[in-house]
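Q: sequence and predicted model, in that order:
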Amino acid sequence: MADILPIGTILAVAINQVIKTAHAAKDVVIEKESFRILSTYLFDIVHVLKELELGKLDESPVARKALENLENDVKKANSLVEKYKNRGRFYLLIKCRHIVKEVQDVTRDIGKSLNTLCLANTEILSGISDQVTRLQSEMQRAEFTTCRSQLQILDKLDQGLASQKLDNGFANDIIVEIARAVGVTVEPSEIRKELDSFKREKEEAENRKERAEVYFLEQIIELLSRADAARDYEHVKDQYMQRLRVIEGHDPKSESIPPFKAFICGITKAVMVDPVSLSNGTAYSRVAIEEWFGSGEKTDPITGEPLEDLSFRSNIQLRQSIEEWRELNYCMRIRSCKAKLMSENDSNVKDALCQIQDLIKENSINKDWVSIGGLTELLINILPNLHNQQVKTEVLVTLKYAIEGHPRNKDLLIENKGFCHIVPCLECESSPSKPALELIYEIVIEESGQNGDCTRELCQQCNPVSFLVTILNGTETVLSEKAHKILQKLVDCDEENVIVCAKEEWYGPLVDRIIQGPKPTKLAILRRAIHLELEERNTRVLCELGLIPPLLEMASADLEAKELSLSMIVKLLTCSENKRFFSAAGAVPLIVDLMCSSPLRVLILAKCSEILEKLSSNGDGIKFLVDVNETQLNLESLVENLLAFLRNSHLPYIVLRPVLRSLFKICESESGLVKTAVLTAGGISLVLNLLDHANSETREAAINLLCLFSSHEPLGVAEFLLKPRRLEAFIGLLENTNKSDVQKAAVGLLANLPKSEVILTRKLIDLEGLKAIIDILESGNTEAKENALSALFRFTDPTNIEAQKIVVELGTYNLLVDFLKNGSVTAKARAAALIGDLSMRSSELTMTSSTGHWCSCFGRARVNICPAHGGICSVKGTFCLLEAQALPELVKLLHGEVHATAYEAIQTLSTLVEKESPRRGAHVLHESGAVVPILEVLNWGSESLKVEALEVLEKVFMLTEMVDWYGSTARLALVRLTGRSIHEDGHLHRKAAKVLLLIERHSRSSNSFATGISS
């Protein structure tokens, strides 16, 4: 049939076959490099064949035969690829040397066929002759080798089989190396798959009657089956139950069966581990006899018989008997340990724990047997009932031995709710903390349990996050690292643990997910995070971890992302230090733009307002209202925009309140902005409307802002307060002792209003507003008291004597004197001024009250006459500052060299000295020691203060005796003020000159009088 096919068809089929084989060769999982080279050669051949196809291949018999040979060789290569493409990986590694030889042979065969084909078509291939020559030459000389690591594994395996090393340890080591080499995990399920593949290969070899292959595969299967990962649990369980039935006839109190004499090595005198037989039939431990012969001995160690044949072989039957004896003893010890653990005696329990650990160290099969014998479950159950911390520690260590590298025991621990008993042991102050952590680490980090979800079980049974975070923050680096890895698994398993970690003050996972997580994760985390209770130091940590930039990114996204991110930013800005992070990220312009953009949802607007409020709070004002380059924002525009929100009567308090507070802090820090708010944006009228707001905190914020505004533009506020029920509500704010800031602002607002509003003053008295102000003097904070003193000036106006009487009757005078003693500088100055207002009417009231008294008392007993006012004085009747004991305190204020207090003190003292009859008042100042400190004011005081001092001195030096007493002292200070010239310009100079002239005149008069007496 091939004879009738055109050669072009055969060529096309060959090309497809080569391409197919080239692609398939890349997918073989073992000896990849060899198959990759073969694949590369095949793709190069495709190029040659296509060149032949283009050149119209010769129909000669030679060309046809050469092409058919090439096609057949490529089919062999394809069969080879298919043969090994889906075989077991362990089997492929075992056969890798053979596979490499096969790939090499087929490559060389293809090269020879290609050479023959090219020789028959030299003319067509002349254009690529060099490439063709190189290709066929390389393929014919191709030499493939197995990689060194695989050869080392095979050599080790061959040595083990040759020496019949069929013990568990060797099997464990070799199976791990094979698995790593071929990319298979050392899991029981995966290992069993590979062993099943070996068994299938063995069956196929039996069918092919390849006895050598069958024997070889049986050896491999027997060896690998001894590895822990290859054990069949049911077989292990049956084996244990068989041994258990055997020991039932032995004494339950016995812990071991003595070994037979044949088990004892004649050299080591110990039970043999790997027995071998000599040529004469005696048995010894392999290691011991090797050392015996290695030392030059050529005799039997026991009999002394010379040995011609020094060879030895494994005594498999004896080894199996010894292994059976050992296994019976394992069962005896397991039975004994169970009784000890159930005894509840610490000593017995400790002994059992040591035995269990020894059992596991001796043979890994005991990891299964201690569990089948019920010891693992028993260890879990006794753990919470142990009071001895050392015993509890050993139980945890023993459990780790049992579950280490053993998925089934891990599952057993989890199924018995082991985490519920282990996690409480993590408490850092207890000694079991370290082994408990290492046990959890072994279970969770390896994550190899059959249920496949150890971490989720840990979360559900007893979440250890709080303990782990404490360990994470501890001083032991190794434990901290392990705690970190477990925590990372927990948060990866369940996002709820991200929040649990945050509650324990470990914020890394939370920040990582907001930075890197998908959008749904970010939103879910933020929904929970905004409800966390965070102290300032916690919010600072969050910002240091980089939380602000992703939040700003989310603030530019959809509505939900905006709400959540802005809410979190508000939470972060409770810490003043975070404002710097926020402004440095260029966030402030973003928030301002967001507020002023198209209509927003109320909640977003409220959050933006809160952010501005936070930025300007704690005295920071406009400090952080900058862009990313630290350039100040347009504050006038910002103030106008904020005031514009107040025009919207429908905005809820959650927006209005932070807007008002922001305005207050911003304008308070930059006085020029108050003018913008009041004059340009009509701030007074906008804020006044909010004094009727339903929300109390909004009203309070409005009062604060109005107080600030009214200090610059009080017009309209008084009219507003005089409207029905407004003043009553305002007095309620004065009486609000729970809100000191509100109290301060309300009384400050009152202080700013014009004193000329007599109706307002009268209504305040009638509605007990004055009493509320006096109450603030008694119990308010410092600033509120200072504002209350300012508000009192409305009631102490010398032109309104009735209001003054009410002020004094309410006990204010004593309070004012107390302020002179103990108040702040501002309070002292204002108290002195208020006393001065009252003192202005004292002389008049003394004369009025004394007229009738003098008449009725003429000729009777002597009464106390006020030295300042010349009549009978009292605090309530004449507002006399002497009777109120204010004079000494006023004089003390002169000694402090503080301008504000000295100024008001001098003005008040001046009320005692009447210009028309200065004698009484001047003598009172002299006797109280006030004149000297007033004179000293001329040396240190400001110009205005010196003027006030000169006003008093002008009245004092109208008396000759005063000139005699103080003239020389005063003259020096006055000369300095006049610059030694009484004609110098300036009010202060003129005043000083006037007093100096007065002193000179009285001095000459005094001298003339003295000369006349002398004559």
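A: Perfect, thanks for sending it.

Q: output the contacting helices and strands for the strand or helix carrying Ala66.
A: Per DSSP states H and E, Ala66 falls inside helix 61-85. Secondary-structure packing of helix 61-85 (3 or more Cβ pairs under 8 Å, 6 or more residues apart in numbering; DSSP states H and E): helix 7-25, helix 32-54, helix 96-119. C-betas here are computed from N, CA, C, even on glycine.

Q: in JSON lines, list those along with mean neighbour count, mean pLDDT and distance to Val541.
A: Output for these, formatted as JSON lines (neighbours: other Cβ atoms under 10 Å; pLDDT from 0 to 100; distance: least, Cβ to Cβ, whole Å):
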{"stretch": "helix 7-25", "mean neighbour count": "18", "mean pLDDT": "76", "distance to Val541": "56"}
{"stretch": "helix 32-54", "mean neighbour count": "18", "mean pLDDT": "79", "distance to Val541": "49"}
{"stretch": "helix 96-119", "mean neighbour count": "20", "mean pLDDT": "82", "distance to Val541": "55"}
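
Q: export those to TSV and append columns for distance to Ser343.
A: Below are these laid out as TSV (distance: least, Cβ to Cβ, whole Å):
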stretch	distance to Ser343
helix 7-25	66
helix 32-54	59
helix 96-119	56
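
Q: any idea which of the ones you listed gets closest to Cys337?
A: Of all the helices and strands packed on helix 61-85, helix 96-119 sits nearest to Cys337, with 45.7 Å by Cβ to Cβ.

Q: which one, of the helices and strands packed on helix 61-85, ends up nearest to Ser740?
A: Here helix 32-54 is closest among these (Cβ to Cβ), at 80.4 Å.

Q: got the angle between the closest one and helix 96-119?
A: Helix 32-54 runs at 20 degrees relative to helix 96-119, counting by axes from the mean of the first three to the mean of the last three Cα atoms, to 10 degrees.

Q: now the angle from helix 32-54 to helix 7-25?
A: 160 degrees.

Q: relative to helix 61-85, how tilted is helix 32-54?
A: 150 degrees.

Q: what's helix 32-54 packed up against?
A: Against helix 32-54 (3+ Cβ pairs under 8 Å, 6+ apart) you get helix 7-25, helix 61-85, helix 96-119, helix 129-140.

Q: tell me which of those lies nearest to Ser917.
A: helix 7-25 (127.0 Å).

Q: which strands and helices lie in contact with that closest one?
A: helix 32-54, helix 61-85.

Q: what residues does that helix touch?
A: 2, 35-36, 38-39, 42-43, 45-46, 49-50, 52-53, 56-59, 63-64, 67-68, 70-71, 74-75, 77-78, 81-82, 85 (Cβ atoms under 8 Å, 6 or more residues apart in numbering).

Q: ok, now stretch 139-146?
A: Here stretch 139-146 has contacts from 31, 33-34, 37, 41, 96-97, 100-101, 103-104, 107-108, 110-112, 114-115, 154, using Cβ under 8 Å, 6+ apart.

Q: please redo it, this time with the cut-off set to 7 Å
A: 31, 34, 41, 96-97, 100, 103-104, 107-108, 110-112, 114-115 (Cβ atoms under 7 Å, 6 or more residues apart in numbering).

Q: quick check: end-to-end length of that stretch?
A: Start to finish, the residues bounding stretch 139-146 are 18 Å apart (Cα to Cα, to the nearest Å).

Q: ditto for stretch 749-756
A: 15 Å.

Q: quick one: buried residues of that stretch?
A: Leu749, Leu750, Ala751, Asn752, Leu753 (16 or more other Cβ atoms under 10 Å).

Q: equivalent analysis for stretch 224-244, please.
A: 224-231, 236, 239-240, 243-244.

Q: skipping adjacent residues, who's closest to Val273 in space?
A: Ser285 (6.2 Å; Cβ to Cβ, 6 or more residues apart in numbering).

Q: for that neighbour, give me phi and psi.
A: Reported as degrees, to the nearest 10, the phi and psi values for Ser285 are phi -70, psi 140.

Q: that one: neighbouring residues, count only.
A: Residues lying near Ser285 (other Cβ atoms under 10 Å) number 20.

Q: which ones are touching it?
A: Contacts of Ser285 (Cβ under 7 Å, 6+ apart): Cys265, Ile267, Thr268, Met272, Val273, Asp274, Pro275.

Q: between the two ends of stretch 767-786, how far is it?
A: Per Cα to Cα, stretch 767-786 runs 22 Å from first to last residue.

Q: buried sites along that stretch?
A: So for stretch 767-786, counting by 16+ other Cβ under 10 Å, buried means 769-777, 780, 783-786.

Q: mind checking which of those residues land in helices?
A: Among those, the ones falling in helices (DSSP state H) are 769-777, 783-786.

Q: and of the contacts of Ser285, the nearest to Val184?
A: Asp274 (28.4 Å).

Q: what's the pLDDT at that closest one?
A: The model reports Asp274 with a pLDDT of 85.

Q: grab the nearest non-local neighbour of it.
A: Using Cβ to Cβ, 6+ apart, the closest residue to Asp274 is Arg286 (4.2 Å).

Q: what distance do you get for that neighbour to Phe293?
A: For Arg286, the distance to Phe293 equals 11 Å [Cβ to Cβ, to the nearest Å].

Q: neighbour-wise, which of these two wins?
A: Using other Cβ under 10 Å as the criterion, Arg286 and Phe293 rank with Arg286 on top: 20 against 16.

Q: related to what we said a few turns ago, can I get the helices and strands packed on helix 7-25 in JSON lines with distance to Val898?
A: Below are these laid out as JSON lines (distance: least, Cβ to Cβ, whole Å):
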{"stretch": "helix 32-54", "distance to Val898": "93"}
{"stretch": "helix 61-85", "distance to Val898": "100"}
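
Q: determine which of those approaches Pro724 most closely.
A: helix 32-54 (95.6 Å).

Q: need the residues that contact the closest one.
A: Contacts of helix 32-54 (Cβ under 7 Å, 6+ apart): 11, 14-15, 18-19, 21-22, 25-26, 28, 77, 100, 103, 107, 114, 121, 124-125, 128, 132, 135, 139, 144.

Q: could you do stretch 701-714 as well?
A: By Cβ under 7 Å, 6+ apart, stretch 701-714 touches 657, 660-661, 663-664, 667-668, 674-675, 677-678, 683-684, 687-688, 690-691, 693, 717, 733, 741-742, 745-746, 748-749, 752-754.

Q: buried subset of these as a PyMOL selection?
A: Buried members of those, defined by 16+ other Cβ under 10 Å, are picked up in PyMOL with:
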select buried, resi 657+660+661+663+664+667+668+674+677+678+683+684+687+688+690+691+693+717+733+742+745+746+748+749+752+753
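
Q: in strands, which of the contacts of stretch 701-714 appear?
A: Per DSSP state E, strands hold no members of the contacts of stretch 701-714.

Q: just the contacts of stretch 701-714: which are in helices?
A: 657, 660-661, 663-664, 667-668, 674-675, 683-684, 687-688, 717, 733, 741-742, 745-746, 748-749, 752.

Q: re the thing from before, for Lys202, state which of the ones in helices among the buried residues of stretch 767-786 is nearest.
A: So of those, ranked by how close each gets to Lys202 (Cβ to Cβ), first place is Glu783, at 96.3 Å.

Q: now the closest one: closest residue in space that isn't a chain neighbour?
A: Nearest to Glu783 is Lys744, by Cβ to Cβ, 6+ apart, at 4.9 Å.

Q: and for Asn695?
A: Tyr653 (3.7 Å).

Q: tell me, how many residues neighbour that neighbour?
A: Neighbour tally, Tyr653, other Cβ under 10 Å: 18.

Q: that one reaches Ser696, doesn't it?
A: No - assessed by Cβ atoms under 7 Å, Tyr653 is found out of contact with Ser696, at 9.1 Å.

Q: any weak-confidence spans in the stretch 801-950 of the chain?
A: 848-863 (pLDDT under 70).

Q: now the helices for it?
A: 801-809, 812-822, 825-839, 842-857, 875-878, 887-895, 899-910, 919-928, 931-940, 943-956 (DSSP state H, counting those that start in this stretch).
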